[in-house]
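Undergrad: below is the sequence, then the predicted model.
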Amino acid sequence: MTTMTTTPVSTVPDALRPLLVVHTAFRRDARALRTAIDGLDPADPREVEELASCFALTEELLAAHHHHEDHRLWPMVVAQDPDFETHAARLETDHLALGRLLTEVRGGLAHLAVATGEARSRAHRRLVGSAAALEAHLAEHLDREEALLVAVAHTSFTPEELETATRQLAKAVRWREALQVVPWALSAATPDERREAMASLPAPVRLVLPLAEGRFRRRFGLFLRSARRSRLAA
């Protein structure tokens, strides 16, 4: 899968490339959400339930991602480059705005699950708009974040410092979270990115990864199918 980012990959330090894979997965999910909602039969409760389950995983992962950035990554960068504090504040504001959009989509899905008749049609139309807004705002935020991080990585970190920082961030990820994040992120990786990631994973994670990936594909099937349709339509 091609990395869906406006940031030239050749400019990204090696230590930050896993972040691009994670961002690719979020971009894919936002597009898949919009595609799935556009083609949703709002009268089919099983389809609405499956969509809500897929979205719940994306929402959980995005909220955790933003928490790690706000409470670990930005303080680490600001300690290295105090001028980044203004950018960190802007990115945190982005996170709050995205959180509100996530809540809007979740509420829209919950309403759609119980609405009937014309109210259901109106709920579906509102949900289409909410999903489109989420996709647009997320893409804008990720483009801004990547540009800022690549710039500060080149100007304020040595390669060794950057590698140390990314290792420290990885250690902060809990075991349960890793078993969700890793199969999800790898599903958006290119073959080369997957091979590189697999080589860097701890042995216990590699051991249980096939089971975690199977569970992920079963839960996330609707989004993965929607992502394939999006790519074919592009």
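TA: Right, received. Where do you want to start?
Undergrad: roughly how far does the residue nearest the centre of the chain sit from L138?
TA: Central residue of the chain (CA atoms, centre = their mean): F26, 2.7 Å from the mean position. Per CB to CB, to the nearest Å, F26 is found 6 Å from L138. Yep, even glycine has a C-beta here, placed from its N, CA and C like the rest.
Undergrad: so how far is E47 from E146?
TA: Applying CB to CB, the value for E146 to E47 is 34 Å.
Undergrad: and for D70?
TA: Shown here: D70 relative to E47, a distance of 34 Å by CB to CB.
Undergrad: which parts of the host helix or strand of R122 are buried?
TA: Element membership of R122, judged by DSSP states H and E, is helix 117-156. By neighbour count on 16 or more other CB atoms under 10 Å, the buried set for helix 117-156 is 120, 123-124, 126-127, 130-131, 134-135, 137-139, 141-142, 145-146, 148-150, 152-153.
Undergrad: do stretch 67-76 as well
TA: For stretch 67-76, by 16+ other CB under 10 Å, it's E69, L73, W74, M76.
Undergrad: check which helices and strands the strand or helix carrying H66 sits against.
TA: Using DSSP H and E, H66 sits in helix 45-68. Applying 3 or more CB pairs under 8 Å, 6 or more residues apart in numbering; DSSP states H and E, one finds that helix 45-68 contacts helix 17-38, helix 85-114, helix 175-186, helix 203-219, helix 221-233.
Undergrad: for the shortest one, packing partners?
TA: What that stands for is helix 175-186. Using 3+ CB pairs under 8 Å, 6+ apart, helix 175-186 sits against helix 17-38, helix 45-68, helix 191-200, helix 203-219.
Undergrad: list the contacts of it.
TA: 18, 21-22, 25, 57, 60-61, 64, 173, 194, 197-198, 201, 205, 208-209, 212-213, 215-217, 220 (CB atoms under 8 Å, 6 or more residues apart in numbering).
Undergrad: ok now it, how far from the chain's centre?
TA: How far helix 175-186 lies from its chain's middle: 12 Å, per CA atoms, centre = their mean, to the nearest Å.
Undergrad: one more: the second one?
TA: With CA atoms, centre = their mean as the basis, the distance from the averaged C-alpha position of helix 85-114 to the chain average is 13 Å.
Undergrad: would you check how far apart L62 and R27 are?
TA: The gap separating L62 from R27 is 11 Å, by CB to CB.
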